[in-house]
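Colleague: need the 3D shape of this:
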Amino acid sequence: MTAIPAPPRTTSLAAAVGEFAARATLDDIPADVQERGRHLVLDAVGLAFASTAYGFPDVALRALSAFGGAGEQPVLGLPARLPARDAAVLNGVLIHGMDFDDTHIPAVTHVSAAALPAALAAAVAAGADTRAFLLAYVLGVEVSARVGIGGAGGFHDVGFHPTAVAGAFGAAVAAGKVTGLDAVGLTAAQGVVGSMSAGLLEFLADGAWTKRLHPGWAAMSGLTAAGFAGAGWSGPSAVYEGRFGLYNSHLAGRDTRPDAVGEGLGETWELLRTAVKPYPVCHFVHAFADAALLLRPEIGAATITAIRCAIHPVPGKVVCEPAEAKWAPRDEYDAKFSLPYVVATTLVRGGFGLDELSEAALADRAALDLAQKVRVIDDPDSAFPAAYSGAIEIELDDGRVLRHREQVNRGHDQRPLTNDDIVAKFRETIGTVAPPSVADRVQHAVLALGDDTPAADFAEACRG
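Modeller: All right, here's what the predicted structure looks like:
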């Protein structure tokens, strides 16, 4: 029997998103989603503070200040004030700069790093309260996640960073919601931001800093697109599914799921599937770090002669290529994206935290020598992109072979970090640069989100 083709879609995917976002209120967001959202914001703000200990925020601030000078918007973790769009860029850089921020696993997207800066900048500029800010943030996460899911794990494989691509759409909806765009305006904002949706993974070749900029640029793009839409600028309504829309342009000829953009809006909350990182490295290697930690006590006095790591080839390209940068990282950013370094360092040092990215750790001869014994193979049993699996075999000089597989990475929604875990991580990260009194102030402000406190007051509480 010949299948009857489905009737053509009468509403574009962007319009479906726009209609949903336009009618949504904070009361429509389930209490557990709101509470988890507050904790994801807490994680992000703590990381923004911790990033101020590094050099890249100063460089970003100098660059942004040269364009627009000082402004009225506070910056997370810093005393600086910038114009709204510049503050959004720098806040995205601060949240994502250490690569320790949350990830929506199936979307392979750092959802908070773009949605939060866009929602905050728009809320402060509009004089909105934290009810409007929290709602906009949640909507931004929901859209970013769905756009990433639509790529079916393919963005990385062709060299696009999903955080930069999907994050721009979530940022546009977040900013547009706060500024009062109706369904037509929110649809247009998505259409406009589609032409700004990009971010290349070429930084992997030489450790360049471009990835750190991606979510902040996505946030700024979202703010810009919402502003143009609000002024009456039109955007293509079929920006996702059209002949030259997102998926047909960025992932031409590949299996994609454009309909994921509009699936389950208001029923399934993708925010609850967002994973908080237990390690300050690329999410693709977390399962390997956990596996190494579990096997380490069994090694005893034996000497490791070989290590085999099995990984899906798509994430494998990110954390195993180019080989010269992965088996001997040139700097801490190379190390974050190095499967051999993370496994070897975890085995040598008995854990992996921010200290394992220090200059001393990067020069640790024992870890670097052990990394040379790591061999990487394809993993036919990987759950990617639904989860980031990792399997390790360790051969010892006494003839034993130790094996362990982490099929679902810790932090995944099937193995989530609790809200208490997130608070503990926040206290640890912000504690690297700020006293307990500041941590208390920020924690109280974040966990109270969703009331009539002005978003500007919230931003002040999170300023350095």
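
Colleague: could you dump stretch 36-48 to CSV, C-alpha only?
Modeller: What follows is stretch 36-48, C-alpha atoms only, in CSV (Å, rounded to 0.1, in the frame of the first residue of the first chain):
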residue,chain,number,x,y,z
ARG,A,36,16.3,23.5,38.9
GLY,A,37,16.6,26.7,36.7
ARG,A,38,17.7,28.7,39.8
HIS,A,39,20.4,26.1,40.5
LEU,A,40,21.6,26.1,36.9
VAL,A,41,21.9,29.9,37.2
LEU,A,42,23.8,29.5,40.5
ASP,A,43,26.3,27.2,38.8
ALA,A,44,26.8,29.6,35.9
VAL,A,45,27.3,32.6,38.2
GLY,A,46,29.8,30.8,40.3
LEU,A,47,31.8,29.9,37.2
ALA,A,48,31.7,33.5,36.0
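
Colleague: any chance you could list what contacts it?
Modeller: Stretch 36-48 is contacted by residues 29, 76-77, 91, 94-95, 98, 100-102, 112-113, 116, 134, 137-138, 141, 271-272, 274, 276, 419, 422-423, 425-430, 442-443, 446-447, 449-450, 462 when judged by CB atoms under 8 Å, 6 or more residues apart in numbering. Where C-beta positions appear, they are placed from N, C-alpha and C, glycine not excepted.

Colleague: and residue 75, what does it touch?
Modeller: 61, 81-82, 87, 90-91, 94, 463-464.

Colleague: check what pLDDT the residue nearest the centre of the chain gets.
Modeller: In the chain, the centroid-proximal residue (CA atoms, centre = their mean) is residue 110; its distance is 1.3 Å. pLDDT for residue 110: 97.

Colleague: how many neighbours does the nearest residue to residue 202 once chain neighbours are set aside have?
Modeller: Leaving aside its chain neighbours, residue 202 sits nearest to residue 159 (7.0 Å; criterion: CB to CB, 6 or more residues apart in numbering). For residue 159, the tally of surrounding residues (other CB atoms under 10 Å) stands at 13.

Colleague: likewise the one 4 residues further on?
Modeller: Other residues within reach of residue 163 by the criterion other CB under 10 Å amount to 30.

Colleague: again with residue 441
Modeller: Quick note: residue 441 (other CB under 10 Å) scores 15 neighbours.

Colleague: which residues in the stretch 101-250 of the chain form strands?
Modeller: Secondary structure of the stretch 101-250 of the chain (DSSP state E, counting those that start in this stretch): strands located at 103-104.

Colleague: about what we covered before: quick one: which of the contacts of residue 75 is nearest residue 224?
Modeller: Relative to residue 224, the closest of the contacts of residue 75 is residue 87; by CB to CB it sits at 13.6 Å.

Colleague: residue 332 and residue 354 touch, don't they?
Modeller: No. Counting by CB atoms under 8 Å, residue 332 does not reach residue 354; the two are 9.3 Å apart.

Colleague: just want to know which of these two has more residues nearby.
Modeller: residue 332 (20 against 17).

Colleague: got a list of what residue 344 touches?
Modeller: Residue 344 makes contact with 307, 367-368, 370-371, 373-374 under the criterion CB under 8 Å, 6+ apart.

Colleague: the same query, at a cut-off of 10 Å, please.
Modeller: 292, 304, 307, 327, 338, 364, 366-374 (CB atoms under 10 Å, 6 or more residues apart in numbering).

Colleague: mark which of those residues are buried, thanks.
Modeller: Buried by 16 or more other CB atoms under 10 Å: 292, 304, 307, 327, 338, 364, 367-368, 370-371, 373-374, out of the contacts of residue 344.

Colleague: what's the overlap in contacts for residue 332 and residue 354?
Modeller: Common neighbours of residue 332 and residue 354 (CB under 10 Å, 6+ apart) are 98, 280, 361.

Colleague: contacting residues around residue 343?
Modeller: By CB under 10 Å, 6+ apart, the neighbours of residue 343 are 285, 288-289, 291-292, 307, 309, 352, 367, 370-371, 373-374, 376, 390, 392, 394.

Colleague: over to residue 361?
Modeller: Taking CB under 10 Å, 6+ apart, we find residue 361 in contact with 332, 335, 341, 345, 348-349, 352-355, 367-368.

Colleague: which ones among those are found in helices?
Modeller: Members of the contacts of residue 361 lying in helices (criterion: DSSP state H): 332, 335, 341, 345, 348-349, 367-368.

Colleague: just checking, the residue nearest to the centre of the chain touches residue 117?
Modeller: No. In this structure, residue 110 is not within contact of residue 117 by CB atoms under 10 Å, at 11.6 Å.

Colleague: what do these two both touch?
Modeller: By the contact definition CB under 10 Å, 6+ apart, residue 110 and residue 117 are jointly contacted by 44, 92, 95-96, 167, 215, 218.

Colleague: name the nearest of the residues you listed relative to residue 399.
Modeller: Distances from residue 399 to these, taken as CB to CB, are shortest for residue 96 (44.8 Å).

Colleague: relative to residue 405, how far out is that closest one?
Modeller: Counting by CB to CB, to the nearest Å, the separation of residue 96 from residue 405 is 29 Å.

Colleague: try residue 360
Modeller: 32 Å.

Colleague: these two: who's more crowded?
Modeller: residue 405 (16 against 8).

Colleague: contacting residues around that one?
Modeller: 287, 291, 310, 379, 381-382, 389-393.

Colleague: give me the element it is part of.
Modeller: Following DSSP states H and E, one finds residue 405 within strand 401-406.

Colleague: for the helix or strand containing residue 22, name the packing helices and strands.
Modeller: Under the criterion of DSSP H and E, residue 22 resides in helix 13-23. Helix 13-23 sits against helix 130-150, helix 162-178, helix 183-193, helix 246-250, with contacts defined as 3 or more CB pairs under 10 Å, 6 or more residues apart in numbering; DSSP states H and E.
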